[in-house]
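> Here you go, sequence then predicted model.
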Amino acid sequence: MKAVDVEEHARKLREVHGAKAVAEAAQKAAEMEKAGRDRDAADWRQVEKALLMMRGPSLS
């Protein structure tokens with residue numbers, strides 16, 4: 001998946017799921033890994049990372 005597509009997918013997922021978007025992406029990645037769909041799983045992991053970057057650093 002292209003970086004632009006990853007960012008767009010992450011934004012849409014965040015709009016729909018809000019704060020739970022990261023967990024949703026992680027769950028999808030795990031499902032794809034379990035099904036042996038490594039390429040799809042890698043795409044979902046990229047979306048998960050993009051969501052984490054959108055969230056920004058944790059505050060202490």
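That came in fine, so what should we check first?

> make it CA atoms for all contacts and neighbour counts henceforth
Noted.

> Show the backbone phi and psi for the residue nearest to Glu24 when sequence neighbours are not counted.
Distances taken as Cα to Cα, 6 or more residues apart in numbering put His17 closest to Glu24, at 7.8 Å, once the chain neighbours are dropped. For His17, the backbone dihedrals (degrees, to the nearest 10) come out as phi -100, psi -10.

> how much space is there between His17 and Asp38?
24 Å (Cα to Cα, to the nearest Å).

> now Arg55
Relative to Asp38, and taking Cα to Cα, Arg55 is found at 26 Å.

> can you check Val16 too?
Counting by Cα to Cα, the gap from Val16 to Asp38 is 25 Å.

> ok, and for stretch 35-51, which residues are buried?
40-51 (16 or more other Cα atoms under 10 Å).

> ok, now how distant is Ala21 from Val47?
Ala21 is 10 Å from Val47, by Cα to Cα.

> What lies in contact with the longest helix along the chain?
Longest among the helix segments of the chain by residue count, using DSSP state H, is helix 38-55. Applying Cα atoms under 8 Å, 6 or more residues apart in numbering, the external contacts of helix 38-55 come out as 1, 6-7, 9-11, 14, 21-23, 25-26, 28-33.

> Write the ChimeraX selection for whichever of these are buried.
To isolate the buried ones among the contacts of helix 38-55 in ChimeraX, judged by 16+ other Cα under 10 Å, type:
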select :6,7,9,10,11,14,21,22,25,26,28,29,30,32,33
